[in-house]
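**Q** this is the structure alone, sequence omitted:
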């Protein structure tokens, strides 16, 4: 949208492109990454049961009870919160890189590559910081 000057047209209409374009995308990343994590956890749980059932027959109820016997709510809350922070980081960086894109299709490719690389680096850095914070608050 930046390359085709659509964002300039939005600004000329006296509408903030950050409020119209960036905010919903960042909010979507913040909300959907934890949901995606929960869906992946569910798939992992089901496939773990399938694998266990192939080796040694066990009911799903027994598998879940044995798996969650030592688990607490605090075992699920911090990692899910981390994914919301990761969504914030990914959304902010992607929107920032998208808003400063220039140079046609080549610039869009550079911005996309830069967005992925920066997001990866910042997510790894945030993971280190969040693990330290989680260990501090959830011993």
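**A** Received it, and whenever you're ready, just let me know what you need. Being a predicted model, the structure only gives us computed values, none of them experimental. Numbering: from 1, shown residues only.

**Q** rest of the way, CA atoms for contacts and neighbours
**A** Fine.

**Q** give me the number of residues near the spatially closest residue to residue 53 that is not a sequence neighbour?
**A** Nearest in space to residue 53, with sequence neighbours left out and distances taken as Cα to Cα, 6 or more residues apart in numbering, is residue 59 at 7.6 Å. For residue 59, the count of nearby residues is 13 (other Cα atoms under 10 Å).

**Q** tell me how far residue 59 lies from residue 46.
**A** 12 Å (Cα to Cα, to the nearest Å).

**Q** which residues are in contact with the closest residue to residue 126 other than its chain neighbours?
**A** In space, and not counting its chain neighbours, residue 126 is closest to residue 86: 7.6 Å by Cα to Cα, 6+ apart. Neighbouring residues of residue 86 by Cα atoms under 8 Å, 6 or more residues apart in numbering: 30, 33, 123, 126.

**Q** where does residue 86 land in three-state SS?
**A** helix (DSSP: H, G, I helix; E, B strand; the rest coil).

**Q** thanks a lot, see you next time.
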